[in-house]
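Peer 1: The following comprises the amino acid sequence and a computationally predicted model.
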Amino acid sequence: MMLRYALQTVRDRKGGFLGAFLALMCAAALVTACGTLLETGLRGTVRTERYGAAPVLVSADQSVHRTVVKHKKGKTKVKHKAKPLAERAWLSRDIVRKVRAVPGVRRAVPELTFLAEPLAAGAADPDRPAHGHAWDSAALTPYTLAAGSAPRSAGDIVVDRDLADRARLTVGGRLTVQSTQDPRTYRVTGIAEPGAGSTVTHQTSLFFSTAEAERLAAHPGRVTAIGVVPEPGRDVGELKKAVAEALDGTTARVTAGAERGPVEFLDASAARVKLVSMGGAMGGTSLLVAVLVVVGTFALSVQQRHRELALLRAIAATPRQIRRLLGCEALVVGAAAGAVGSLAGLPLGGWLYGRFVELGSVPPTLERTASFFPVAAGLAATLFGAWAATRVAARRIGRIRPAAALSEAGGAPTRPAVLRTAAGLVALAGGTVLVVVLAGLRTEAASTPVTFLSVVVLAVAVSLLGPLLVRATTAVLGRPLRTIGPAARLATANLKGHAARMAAVVTPLTLLTGMTCTVLFVQPTLGDAALAQTRAGVRADQVVTAQGPGVPAAAVRELRRDPGTTAAEVVRSTVRVGLDKYPVQGLNPAGLTRTWDPGVTAGSLERFGARSVAVSELAADQQRVKPGSTLKLTLGDGTPVTLTVAAVYARGLGFGDLTVAHDLLSRHVDNPLASSVLVSTTRSQEQLTTALREFPGVRVLSPRAADGLRAERQQADAEVNIIAMALVLAFTAIAVVNTLAMSVSERIREFALLRLAGATRRQVLRMLRVEALTVVLMGVGLGSGIAAAVLSAFSLGMTGTAAPAVLPLTYVTVVGAAAVLALTATALPGRAALRVRPVTVATAKE
């Protein structure tokens, strides 16, 4: 029965429920889109390409493992934890013999994968990164020779068909390759292409002779993987189990079938973790924002029906019946909006995934997955949000007495609800605690979720304390507004008399301003601080960089031919201390202090050597080390080392948390080439450029120009975060327009009475503009205040100073956009409402 009444109400009041429908639909789309990212991270497919002819694959374990033992209340809990490595881990070649000895193994082919960048016009393709391999491992791949012959000598090379077409290479041609060693020109002896029915779309393959591949791989006695081909009739599953048993006790990992893809594409495996983290954070923030916006929208919708609901109370409807009616209406609207929004969220999630791939944050090898689960999650979240919003909005109308309900229907309540005010103060206290906690967080991974949560919680406080804030603003601005004219006096009276209605409009505007400013200024705050530390710490006269994979060692040797020149190569990676991850850089210890000053606060760099490590103050505090202490690291490829702390420095944000010797780090990374070289010299920039003219892509820059390149890379990283939050911001902007339009469109009777009392159409519109400007002033002011507090706390924790980077032009654009949204969403419905003749509205039936 109640459902029938709810359906009848929704059908008869389509316009009244339109705003709630739009808010719920956008919320469903938002949650579904984030859910597809989360599902892609958890279940996304990584298809194998190279290892198609190897049913079983043996590779090194790509994780760091730790066993954590906790004693609590007399009980002992043992947990085994694992974290991924940053670089490719290598296998001992001795494992090849063990695999070949397993019964049922027909062939065990060792594989080498290493950096090999072709230096030819048209050869570069960002969607197909190039890698070098030994020709022997072609037996594991779909590649076969389409022309020419296999490489036999150190100067021979076989290229794949796609590269040959891009770079216009033919058999007998010459190709220069920048590998882990110095650039070298090879003779193209053959062109390989995938066999029928096979495709290779995500990589470029260059094949060398076995001896040359081992030299270029620079890991003597080690292999990347081992492809296992079974005997005819041998079951792959049984063979996998047998190989795993034979390798028990080693660091080897045995995979088959779909498990081979993540072994081939390590970046896709790393992207899984990123997408799970990003999708979860975005989904959680989206859900909080959606609930806040939907509650405000339903509260406004219920407030607009105050007279109708009061009449139902007056004719003996019980509070429970009122709540059930509103709940059924919410479920009807929520089901329709959730179904439409969840389906719309699938292409929205696809667009978001595509943008992440374009920006390089997610590799295309991690294929997007979309199933029923995100759609179901979006629909469930929408239904729950609608039900919860209705329960909150209907609480007051359901509790008051019938006679009081009917008398209250004629006007807004004049006293704020005690429970609402108390809840607002609790939310304000909670937001304040979060801001204080944020000021003490010193890592980006820990501070980022707290940053956005703080904005949402403080916006909740604004929502709950909104009527009080509106009245306080009216009290401050009332006197100057009254002097403007009759329209401003009417606006002041409306703001004061309908504070709850105006508060529902202020909340999404506050959230939009606060969230947008936080999203736009978090990365510049970090980037500017890091850039300032880098500028202060680089003592070099020139900086050598490369457009390709890095600066080759031969170029560094050329620089060092001048006795007055000191050159420090910089190699970057990530290491683990226990399970904690830290960025690390490798620098040449010779003459280090001539090119680099990290702001040493303890110890000294004078004796920094091959077994030394310098740590930032943050890492020193977290690991409780000081100069002279030992620090156990797991390098990017899983190699454990124990180093002595030589110094503690202050500029960790600009140079990373750990610094080790270049020769140590370069032997354990996939790309050992220097990302840059710090040069202290008496030679000019032109002289250095001339000395390095034989190395294509190598550039000599001033430290200031090198800072510009770092700023560009930081801007690219910031774009990923902005796009990640773009849907939340778009939803909030839609909520601003939606709430304002609902607020204005329900005032048709009020406008008619004003016009019958003598107000002109222009005066009513002017009144609306004054109200809208006042709302904009409140929303922008509160949102800016929230953003300023949160960003200051973020800056204090991350950089040590409460000075966030605020771009004036960007801030003005945000404020201008908020004002345009508010004025447009007020003017258009206002003009539509004033088109109806006042007499017609005044005499219309309720």
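Peer 2: Arrived safely, thanks for sending.

Peer 1: List the contacts of stretch 225-244.
Peer 2: 51, 53-60, 91, 95-96, 99, 102-111, 113, 137, 139-140, 254-257, 263 (CB atoms under 8 Å, 6 or more residues apart in numbering). Bear in mind the C-beta positions are built from the backbone N, C-alpha and C, glycine included.

Peer 1: I misspoke; the intended subject was stretch 97-107.
Peer 2: Contacts of stretch 97-107 (CB under 8 Å, 6+ apart): 58, 108, 139, 226-232, 234, 238-239, 242-243, 246-247, 250.

Peer 1: Quickly find the element holding the nearest residue to Ala339 once chain neighbours are set aside.
Peer 2: Nearest residue to Ala339 in three dimensions, chain neighbours excluded: Leu379, at 6.5 Å (CB to CB, 6 or more residues apart in numbering). Using DSSP states H and E, Leu379 maps to helix 372-399.

Peer 1: Produce a PyMOL select command limited to the buried residues of the contacts of stretch 225-244.
Peer 2: Burial among those is assessed by 16 or more other CB atoms under 10 Å; the matching PyMOL selection reads:
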select buried, resi 51+53+54+55+56+57+58+59+60+91+95+96+99+102+104+105+107+108+109+110+111+113+137+140+254+255+256+263
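
Peer 1: before we move on, the earlier item: ok, now which ones touch the residue nearest to Ala339?
Peer 2: Contacts of Leu379 (CB under 8 Å, 6+ apart): 28, 335, 338-339, 342.

Peer 1: measure it to Thr369 for me?
Peer 2: 19 Å (CB to CB, to the nearest Å).

Peer 1: same check, this time on Arg166
Peer 2: For Arg166, the distance to Thr369 - CB to CB - is 31 Å.

Peer 1: before we move on, what about Ala123?
Peer 2: 33 Å.

Peer 1: do Trp351 as well
Peer 2: 15 Å.

Peer 1: between those two, who's got more neighbours?
Peer 2: A count of neighbours by other CB atoms under 10 Å puts Thr369 above the other of Trp351 and Thr369, at 18 against 12.

Peer 1: For my notes, confirm that one occurs in a helix.
Peer 2: No: looking at Thr369 with DSSP: H, G, I helix; E, B strand; the rest coil, it is coil, so not inside a helix.

Peer 1: How about the contacts made by it?
Peer 2: Here Thr369 is in contact with 36, 39-40, 43-45 (CB under 8 Å, 6+ apart).

Peer 1: how about a cut-off of 6 Å?
Peer 2: The neighbours of Thr369, taking CB atoms under 6 Å, 6 or more residues apart in numbering as the test, are 39-40, 43-44.

Peer 1: Repeat that for Arg174.
Peer 2: So Arg174 contacts Thr185 (CB under 6 Å, 6+ apart).

Peer 1: Next, it: phi, psi?
Peer 2: phi -120, psi 140 (degrees, to the nearest 10).

Peer 1: Next one: it from Gly155, what distance?
Peer 2: Arg174 is 10 Å from Gly155, by CB to CB.

Peer 1: where do the helices sit along the stretch 351-500 of the chain?
Peer 2: Taking DSSP state H, counting those that start in this stretch, the helices of the stretch 351-500 of the chain run over residues 372-399, 402-408, 418-439, 444-464, 466-482, 486-497, 499-537.

Peer 1: Same question for the stretch 651-800 of the chain.
Peer 2: Under DSSP H, counting those that start in this stretch, the stretch 651-800 of the chain gives helices at 652-655, 662-666, 685-691, 703-745, 748-756, 761-799.

Peer 1: Flag the shaky bits of the stretch 151-300 of the chain, pLDDT-wise.
Peer 2: Regions of the stretch 151-300 of the chain meeting the criterion pLDDT under 70 are absent.

Peer 1: any chance you could map the strands in it?
Peer 2: Residue ranges of the strands in the stretch 151-300 of the chain, as given by DSSP state E, counting those that start in this stretch, are 156-160, 174-179, 184-194, 204-208, 222-223, 225-230, 252-256.

Peer 1: What strands line up against the last one, and which way round?
Peer 2: So the one you mean is strand 252-256. strand 56-60 (antiparallel) (DSSP bridges).

Peer 1: how far does the next helix-or-strand element following the partner strand sit from the chain's center?
Peer 2: Using DSSP H and E, the helix or strand that follows strand 56-60 towards the C-terminus is strand 63-72. Chain-centre distance of strand 63-72: 29 Å, with CA atoms, centre = their mean, to the nearest Å.

Peer 1: That's all I had, so thanks and see you.
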